[in-house]
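# make a model of this:
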Amino acid sequence: MKIPCRDIAHNLEEQLIREVELLKTSGKIPKLVTVLVGSEPEQISFVNIKRRTAEKIGVEFELVHLSEKPSFAEFKNFVHEKAHDPKTTGIIIQHPFPEEYNLNEVYNLIPGKKEIEGHRPDSTFHFPLSIAVLCGIKYIQTLEAGESNPTKTILNFAEDKPALYQFLQDKNIVIAGRGITGGAPIAKALQDIGVPFTITNSQTSNPTEIYNSADIIITATGKKIINPSDIKKGVILLNVGLRKEDGKLKGDYDEDEIATIASYYTQTPGGLGPLDVLYLFKNVIEATKK
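The predicted structure follows:
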């Protein structure tokens, strides 16, 4: 069964619009600042998606676009200035950015209440993509519990943590990929819930054996890594990886190949990606409340 992520995203978007309207009536204006180094088409595309989403839900959006790579010291000055602007309620650094920049130094410049992606150890936020994955899992949990409208599923990590633990504790969970904007933060979220999991990467010697025994596979590689013979009947597949094939965006598996094998799966595009963006803005809204 395909998880109806678009429907879930639509309901979440409507809730965020209402929350922003309430904030504005109390004089609080949510504002997201995005810092971008470079002009790669994919970077620009991701930024434009965030801009359009901000416009839809009523959040102010500012792009700091550094098309030419500044020195690290200059870059830190840009980040510090925007992060400490009282009007900024949330700030993100668009990945990827120059490898020579020290990530920890950059994120330590951002006040904890404005570091809305959970990169800092003391952040009160979880990476939005992780929450999108858990939202997909909560949908399955809610559906199987017999809820009448599971597409109204909205995840609150603190409130939903006990139920997620109950649902996941006896599942064999595999995360494919360990990137800083993919597998790594998803792993952190599962650690915070307290459930075990296995991570595979390009160096894993027996990935097919691991996938074959998995109850849930979360893919975050940007390559086609899952074939029908790799998975067991009834597996749950959640994809956050992106690749291009014949000019089309695809995930880490082809949906047509796995649709009759998986009990639940997400599609690409239009799967967890829109939820990822909306949960970013949910974090902006929560930061504004603080």
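# distance of the nearest residue to K223 once chain neighbours are set aside from A189?
Leaving aside its chain neighbours, K223 sits nearest to R243 (5.9 Å; criterion: C-beta to C-beta, 6 or more residues apart in numbering). Just so you know, the C-beta spots here come from the backbone N, C-alpha and C atoms, and that holds for glycine as well. Note on R243: its distance to A189, by C-beta to C-beta, to the nearest Å, is 23 Å.
# confirm E147 sits in a helix?
No. Counting by DSSP: H, G, I helix; E, B strand; the rest coil, E147 is not part of a helix but coil.
# ranges for the helices of the protein?
5-25, 41-57, 72-83, 103-108, 128-144, 157-168, 183-193, 207-212, 255-258, 272-289 (DSSP state H).
# dump those to TSV, plus mean pLDDT.
Shown next, in TSV, are the helices of the chain (pLDDT from 0 to 100):
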stretch	mean pLDDT
helix 5-25	97
helix 41-57	95
helix 72-83	96
helix 103-108	93
helix 128-144	97
helix 157-168	97
helix 183-193	96
helix 207-212	96
helix 255-258	96
helix 272-289	97
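# what's the burial count for P41?
Close neighbours of P41, defined as other C-beta atoms under 10 Å, add up to 7.
# then I137?
Counted with other C-beta under 10 Å, I137 comes out at 24.
# that one: what's it in contact with?
164, 167-168, 216, 236, 238 (C-beta atoms under 8 Å, 6 or more residues apart in numbering).
# picking that back up, give me the more crowded residue out of R243 and A189.
A189 (20 against 15).
# neighbours around N77, how many?
13.
# and what of the one 3 residues further on?
Counted by other C-beta under 10 Å, the residues lying close to H80 total 13.
# any idea how far V35 is from it?
H80 is 11 Å from V35, by C-beta to C-beta.
# hmm, back to that, of the helices of the chain, which is nearest T200?
Taking C-beta to C-beta, helix 207-212 is the member of those nearest to T200, at 4.8 Å.
# just the CA coordinates for the closest one, please, in PDB.
The C-alpha coordinates for helix 207-212 follow below in PDB (Å, rounded to 0.1, in the frame of the first residue of the first chain):
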ATOM      1  CA  PRO A 207      23.500  -5.700   2.400                       C
ATOM      2  CA  THR A 208      21.200  -8.100   0.600                       C
ATOM      3  CA  GLU A 209      21.200 -10.500   3.600                       C
ATOM      4  CA  ILE A 210      20.400  -7.500   5.900                       C
ATOM      5  CA  TYR A 211      17.600  -6.200   3.700                       C
ATOM      6  CA  ASN A 212      16.000  -9.600   3.400                       C
END
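# which strands and helices lie in contact with it?
Under the contact criterion of 3 or more C-beta pairs under 8 Å, 6 or more residues apart in numbering; DSSP states H and E, helix 207-212 touches strand 173-176, strand 198-200.
# quick one: distance of stretch 14-26 to the chain centre.
For stretch 14-26, the separation from the chain centroid amounts to 22 Å (computed by C-alpha atoms, centre = their mean, to the nearest Å).
# one more: stretch 135-148?
19 Å.
# and stretch 115-134, by the same measure?
Distance, centroid of stretch 115-134 to centroid of chain: 8 Å (C-alpha atoms, centre = their mean).
# can you give me the buried ones in it?
Under the neighbour-count criterion of 16 or more other C-beta atoms under 10 Å, stretch 115-134 has 115-119, 123-134 buried.
# span of it from start to end?
20 Å (C-alpha to C-alpha, to the nearest Å).
# what's the closest of the helices of the chain to K31?
helix 272-289 (7.7 Å).
# so what secondary structure elements neighbour the closest one?
helix 5-25, strand 31-37, helix 41-57, strand 90-93, helix 128-144.
# how about residues contacting stretch 198-214?
172-178, 183, 187, 217, 225-226, 229-232, 235.
# returning to what we had before: quick one: closest of the helices and strands packed on helix 207-212 to E40.
It's strand 173-176; of the helices and strands packed on helix 207-212, that one is closest to E40 (C-beta to C-beta) at 24.3 Å.
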